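# Below is the sequence, then the predicted model.
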Amino acid sequence: MMLRYALQSVRARKAGFLGAFLALMCAAALITACGTLLDTGLRGTIRTERYAGAPVVVSGDQYVHQTTVKHKKGKTKVKHKAKPIAERAWLSEGLHTRLAHVPGVARVVPELTFLAQPLTPSGTGGRSAYGHAWDSAALTPYRLTTGSAPRSDGDLVIDSYLAARAGLHPGDRLTVQSTQAPRSYRVTGIAASDTAVRHQTSLFFSAAEARRLAGHPGQVSAFGVLPDQGTDPGRVRQAVAAALHGTTAQVADGDARGPVEFLDAATARTRLVSMGGAMGGTSLLVAVLVVVGTFGLTVQQRHRELALLRAIAATSGQIRALLGREALVVGAAAGTVGALLGLPLGGVLYSRFVALGAVPDTLERTVSVFPPLAALAATLLGAWAAARIASRRIARIRPTEALAEARTEPSRPAWGRIAAGLLLLAGGTVLVVVLTSLRTEPASTPVTFLAVVVLSTSVALLGPLLVRAAALLLAGPLRLTGHGGRLATANLRGNAARMASVVTPLTLLIGMTCTVLFVQSTLGDAARAQVRDGVRADWVVTAQGPGVPHEAAQRLRAGHDTVTEVVRSTVRIGLDKYPAQGVTPAGLTRTWDPDVTAGSLDRLTPGTVAVSELAADQHHLKPGSTLKLTLGDGTPATLTVAAVYARGLGFGDLTFAHDLLARHVDNPLASSVLVSTPRTQTQLATTLREFPGLDILSPAAADSLQADQQQTNAEVNYLAMGLVLAFTAIAVVNTLAMSVAERVREFALLRLAGATRRHVLRMLRTEVLSVLLLATSLGSGIALAVLTAFSVGMTGRAAPTVTPLFYATVVGVAGLLALVGSAVPGRVALRVRAVTVATAKE
């Protein structure tokens with residue numbers, strides 16, 4: 001029976017429920033889009049291409065493992081955790097013999113994969129380019145179609161895609177930038193693929209040249225195992241796994257070969273799970289906050305009707321049941337539509353992440369029923385919970401009081417609401433305090449956005465009191481604006497709850513947008529400031545391609561310049577990840593100053609490491625301490641701490657001798673080379689003329705280049721939160737439109753009392769500007785508090801970077817949304833004849 005009444009109520013009040021429908025629909029779309037990203041990270045397919053001809057592939061373990069044993073109350077609990085490493089893990093070539101003796105194995109082919117970038121004007125069309133030994137072509141779908149295999153160190157076979165793109169034929173010359181100095185090779189053949197290869201370009205060298213360029217003597221990147229004719233690959237995989245038991249080697253077949261081939265896609269899975277989870281969690285919190293406010297406004301608009309039901313003997317439980325079922329009806333419709341819209345929205349989001357380089361296109365997007373179903377369930381639950389919260393007051397008051405209260409807004413919020421608001425305010429304050437002690441970005445970012453949401457929620461609960469306080473402060477200035485100002489002041493005081501429902505999404509929009517924008521600039525500017533203060537070199541050599549070859553640095557050293565090569569990677573101490581760099585120790589203090597606070601960089605050798613103050617504090621290190629860590633390719637190392645430095649944000653948390661780190665990265669080319677020299681830029685360019693694609697920049701120009709790169713990286717975070725901000729902006733307009741649409745009778749009475757349409761619109765505009773001023777103050781205050789705490793924790797300075805133009809743009813957009821969201825429905829409401837409205841409402 002109650003469900004039938006709920007359906008009839010929704011059908012009769014379509015316009016009244018439209019705002020709630022739109023809010024829930026947007027929430028469902030947002031949750032579905034984030035869910036598809038999370039689902040892609042968990043179950044996204046990585047299809048093999050090069051290893052299509054190898055039924056079984058043996059590779060190194062791409063994870064760092066940690067096992068902890070806890071004894072509690074006589075029970076032993078064993079926990080095993082694993083985290084991915086940053087570089088390719090290599091295998092000992094000696095495993096070849098063990099694999100060759102496995103029953104059912106016909107042939108074992110060693111595979112080498114290394115950087116090999118063809119230097120052609122047409123490039124590779126965005127594909128990654130790798131070099132391999134021609135022997136490993138047996139594992140691939142490539143077959144020689146033109147020319148001959150490489151026999152000497154100067155020979156090269158290229159794939160048909162590169163040949164067509166660059167217009168190359170057998171006998172032509174091709175310069176390749178690999179792990180060594182650029183070298184010109186003679187194209188001896190062209191290989192075509194039997195199956196589609198869409199994500200990479202392969203260059204095949206002779207076996208000896210491939211081993212030289214790979215730079216890992218006695219090691220291979222993988223083994224391809226070819227079973228005997230008619231032997232089941234699954235059984236061979238099991239036999240190979242048994243033979244390799246006790247080693248770190250991993251065995252893959254079928255779809256599991258893709259992650260072995262595309263390491264960046266496998267790593268992106270973890271990143272996408274983290275990103276999708278963070279976006280989804282923030283979206284859910286924002287959605288709940290917005291939807292509760294929207295339903296609260298819907299119930300408030302129906303206060304008289306619900307009061308009448310209470311007066312004719314409807315029980316509290318019946319009122320709650322009616323509103324709950326109405327919410328479920330609206331939630332089911334909105335959730336279904338929103339979930340369907342969220343699927344293409346998730347596709348657009350995934351495509352943008354691929355375009356920005358945050359996710360490789362080798363990780364294919366997964367579309368399943370789970371994200372839409374989860375969004376629908378969350379929407380139903382959120383709608384029901386919002387209706388229950390919004391109906392608490394009207395359902396609990398006595399029937400004799402209901403009609404009296406329906407005529408006027410309560411003089412103050414319920415004590416429970418005030419207590420909850422103060423509790424959340426205290427919780428948000430605690431989060432801000434905690435944020436000052438968090439010194440890593442992965443730890444501080446979730447707390448940053450959670451603090452904004454919690455403080456905005458406290459504003460939502462304390463909103464009526466804040467609006468009344470604002471009305472008291474603004475009463476004087478508003479009185480000077482004339483009759484419209486006096487009416488606006490009266491409305492702010494008498495309808496504080498309705499105005500508060502508008503303040504909440506505006507506050508959230510301004511606070512969240514400012515936080516998203518200025519978190520990145522605060523962190524980026526602090527890091528760049530440390531780099532500017534720490535680079536002492538006269539010139540910085542960078543590369544347009546994969547990096548600066550070691551031979552180029554050697555050429556500069558021949559001119560008696562002080563040269564520091566910088567190579568970058570990521571290492572782990574335990575399971576904690578830290579950015580690291582390798583630098584040339586000789587003459588280091590002439591080109592680089594990380595602000596050493598203990599120890600000395602003179603002690604930096606292949607057996608030592610310098611650490612930032614952050615890493616030193618977290619792991620209780622000082623000069624002379626022993627540090628056990630895992631290098632980027634999974635190689636364990638035990639080093640002695642030589643120095644502790646302060647500028648870790650700009651230079652990374654661990655600094656090694658260049659030769660140590662360069663042996664354990666996929667790309668040993670220097671990301672930059674610092675040069676201290678009396679020579680001019682032109683003279684340096686002449687010295688390096690044999691190395692294409694190198695730029696000689698001043699430190700200031702290199703800093704500008706780094707700023708551009710940081711802006712590109714920041715776009716990923718802007719995109720990640722863009723949907724949440726768009727949803728909040730829609731909620732602002734939606735809430736304002738609902739608030740204004742409720743006041744048709746009020747506007748009619750004002751017009752009957754002598755006010756013109758212009759007077760009413762001026763009053764409405766004054767109210768909106770007053771609310772906007774309050775929301776801007778609250779949102780800006782929340783953002784400033786959170787950003788200051790973030791800056792203290794991450795940079796050590798209470799000085800967040802706030803760009804005035806961006807801030808003004810945020811406030812201006814919020815103001816435009818507020819004015820449009822009130823003016824349009826206000827003009828529509830004023831089109832109806834005042835007498836008709838007043839008579840119909842009596």
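Nice, I can see it. Residues are numbered from 1 along each chain as shown.
# wait, is residue 709 part of a strand?
No. Counting by DSSP: H, G, I helix; E, B strand; the rest coil, residue 709 is not part of a strand but helix.
# Count the residues that sit near it.
By the criterion of other C-beta atoms under 10 Å, residue 709 has 11 neighbours. No exception for glycine: its C-beta is placed from N, CA and C like everyone else's.
# Could you measure from it over to residue 503?
In this view, residue 709 and residue 503 are 39 Å apart by C-beta to C-beta, to the nearest Å.
# ok, now residue 568?
From residue 568 to residue 503 the distance is 46 Å (C-beta to C-beta).
# higher neighbour count, these two?
Using other C-beta under 10 Å as the criterion, residue 568 and residue 503 rank with residue 503 on top: 27 against 19.
# Check which helix or strand that one maps to.
Using DSSP states H and E, residue 503 falls within helix 496-534.
# same question, residue 776
helix 757-795.
# Quick check: buried residues in that helix?
Using 16 or more other C-beta atoms under 10 Å as the burial criterion, the residues of helix 757-795 that qualify are 759-776, 778-780, 782-795.
# Give me the angle between the next helix or strand after that helix and helix 757-795.
Going down the chain from helix 757-795, the next helix or strand is helix 804-830, by DSSP H and E. Interaxial angle, helix 804-830 versus helix 757-795 (axes from the mean of the first three to the mean of the last three C-alpha atoms, to 10 degrees): 150 degrees.
# on contacts alone, who are the packing partners of helix 804-830?
When contacts are defined as 3 or more C-beta pairs under 8 Å, 6 or more residues apart in numbering; DSSP states H and E, helix 804-830 sits against helix 496-534, helix 699-741, helix 744-752, helix 757-795.
# now those helices in JSON lines, with distance to residue 449 and mean pLDDT?
Converted to JSON lines, the helices and strands packed on helix 804-830 look like this (distance: least, C-beta to C-beta, whole Å; pLDDT from 0 to 100):
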{"stretch": "helix 496-534", "distance to residue 449": "7", "mean pLDDT": "85"}
{"stretch": "helix 699-741", "distance to residue 449": "8", "mean pLDDT": "76"}
{"stretch": "helix 744-752", "distance to residue 449": "38", "mean pLDDT": "72"}
{"stretch": "helix 757-795", "distance to residue 449": "9", "mean pLDDT": "87"}
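# Redo those helices as TSV? Include distance to residue 378.
Shown next, in TSV, are the helices and strands packed on helix 804-830 (distance: least, C-beta to C-beta, whole Å):
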stretch	distance to residue 378
helix 496-534	19
helix 699-741	14
helix 744-752	34
helix 757-795	25
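# what's the closest of the ones you listed to residue 191?
Closest of the helices and strands packed on helix 804-830 to residue 191 is helix 699-741, at 34.6 Å (criterion: C-beta to C-beta).
# Can I take it that residue 88 is in a helix?
No. In this structure, residue 88 is coil, not part of a helix, as judged by three-state DSSP.
# sec struct for the closest residue to it other than its chain neighbours, please.
Of all residues not flanking residue 88 in the chain, residue 666 sits nearest, at 5.4 Å (C-beta to C-beta, 6 or more residues apart in numbering). Three-state call for residue 666 (three-state DSSP): coil.
# tell me the contacts of residue 666?
The contact partners of residue 666, by C-beta atoms under 8 Å, 6 or more residues apart in numbering, come to 87, 88, 114, 115, 633.
# Repeat the analysis, applying 7 Å as the threshold.
The contact partners of residue 666, by C-beta atoms under 7 Å, 6 or more residues apart in numbering, come to 87, 88, 115.
# coming back round to it: by contact count, what packs against the helix holding residue 776?
With contacts taken as 3 or more C-beta pairs under 7 Å, 6 or more residues apart in numbering; DSSP states H and E, helix 757-795 sits against helix 415-435, helix 441-479, helix 483-494, helix 496-534, helix 744-752, helix 804-830.
# Can I get those helices in JSON lines including distance to residue 696?
Formatted as JSON lines, those follow (distance: least, C-beta to C-beta, whole Å):
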{"stretch": "helix 415-435", "distance to residue 696": "41"}
{"stretch": "helix 441-479", "distance to residue 696": "32"}
{"stretch": "helix 483-494", "distance to residue 696": "63"}
{"stretch": "helix 496-534", "distance to residue 696": "18"}
{"stretch": "helix 744-752", "distance to residue 696": "69"}
{"stretch": "helix 804-830", "distance to residue 696": "33"}
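# how about those, which one is nearest residue 296?
Checked against C-beta to C-beta, the stretch from the helices and strands packed on helix 757-795 lying closest is helix 496-534, at 6.1 Å.
# tell me the angle of the closest one relative to helix 699-741?
Here the directions of helix 496-534 and helix 699-741 differ by 180 degrees (the same axes, to 10 degrees).
# got the contact list for stretch 88-98?
Here stretch 88-98 makes contact (C-beta under 7 Å, 6+ apart) with 60-62, 108, 110, 216, 218-223, 243, 249, 263, 633-634, 666.
# what mean pLDDT does that stretch have?
Stretch 88-98 shows a mean pLDDT of 94.
# ok, and for the helix holding residue 503, which residues are buried?
496-531, 534.
# Summarise which helices and strands it is packed against.
Counting by 3+ C-beta pairs under 7 Å, 6+ apart, helix 496-534 packs on helix 263-301, helix 441-479, helix 648-651, helix 699-741, helix 757-795, helix 804-830.
# How far away from the center of its chain is the shortest one?
Yep, that's helix 648-651 we're talking about. 21 Å (C-alpha atoms, centre = their mean, to the nearest Å).
# what packs against that helix?
helix 496-534, helix 613-619.
# Distance to residue 75 added to those helices, as a markdown table?
As requested, the helices and strands packed on helix 648-651 are exported to a markdown table (distance: least, C-beta to C-beta, whole Å):
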| stretch | distance to residue 75 |
| --- | --- |
| helix 496-534 | 43 |
| helix 613-619 | 30 |
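# Can you check which of the ones you listed gets nearest to residue 746?
Proximity to residue 746, assessed across the helices and strands packed on helix 648-651 by C-beta to C-beta, is greatest for helix 496-534 (10.8 Å).
# Could you verify that residue 606 is part of a helix?
No. With three-state DSSP as the criterion, residue 606 is located in coil rather than a helix.
# what about it, distance to residue 656?
Noted for residue 606: a distance of 8 Å to residue 656, by C-beta to C-beta.
# So between the two, which is more surrounded?
residue 656 (28 against 16).
# In which helix or strand does the closest residue to the more buried one other than its chain neighbours reside?
In this structure, residue 656 finds its nearest non-sequential neighbour in residue 582, 4.6 Å apart by C-beta to C-beta, 6+ apart. Assessed by DSSP H and E, residue 582 sits inside strand 576-583.
# Would you mind identifying the next helix or strand past that strand?
Following strand 576-583 in sequence, per DSSP H and E, is helix 588-591.
# Can you list the helices and strands that that next one packs against?
Counting by 3+ C-beta pairs under 7 Å, 6+ apart, helix 588-591 packs on strand 562-573, strand 672-676.
# Within the sheet, what are the partner strands of the last one, with directions?
Under the criterion DSSP bridges, strand 672-676 sits next to strand 539-543 (antiparallel), strand 562-573 (antiparallel) in its sheet.
# quick check: angle from the last one to strand 576-583?
With the same axes, to 10 degrees as the basis, strand 562-573 and strand 576-583 are set at 160 degrees to each other.
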